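> Attaching a predicted model along with its sequence, questions to come.
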Amino acid sequence: MTPAEPLVVTISHRLGRVEAKRRIESGLGAIRGKIARYVKEMDYRWDGYRLDFRVSAMMQTITGQIEVYEEFVKVELRLPRLLHLLGKRIADRIERRGAALLEAPKRTA
């Protein structure tokens, strides 16, 4: 059986690379808290501007990476076949939450 194609989501931003990485780092804590009861294991490691991660939940393992660029963030997930069936819904959720996390701060007058 061949592995399924990775799921790739690209999220544009105007924060610059350093600020986008900082927001992702701070968002990881919130994400970890929200999914803790569903997740058996969540490991991640930064290598420069690339975050490699592995999440195990409900006897399924998701691996992937987040690459932070100056004007966009690329999220690549390798899903088990069972979860690949939900790929569109997963991609939509990543795109919405990622865009909210990377939204430029509102300017106040």
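That came in fine, so what should we check first?

> for the lengthiest helix in the chain, packing partners?
In the chain, taking DSSP state H as the definition, the longest helix is helix 17-35. Helices and strands touching helix 17-35, by 3 or more Cβ pairs under 8 Å, 6 or more residues apart in numbering; DSSP states H and E, are strand 39-47, strand 50-57, strand 60-68, helix 87-101. In short, each C-beta sits where N, CA and C put it, glycine included.

> can we see that at 7 Å?
Packing partners of helix 17-35 (3 or more Cβ pairs under 7 Å, 6 or more residues apart in numbering; DSSP states H and E): strand 60-68, helix 87-101.

> Between helix 17-35 and the shortest one, find me the angle.
In this case it means strand 60-68. Here the directions of strand 60-68 and helix 17-35 differ by 160 degrees (axes from the mean of the first three to the mean of the last three Cα atoms, to 10 degrees).

> Against which helices or strands is strand 60-68 packed?
helix 17-35, strand 50-57, strand 72-78, helix 81-84.

> What are the buried residues along it?
Of the residues in strand 60-68, Ile62, Thr63, Gly64, Gln65, Ile66, Val68 count as buried by neighbour count, 16 or more other Cβ atoms under 10 Å.
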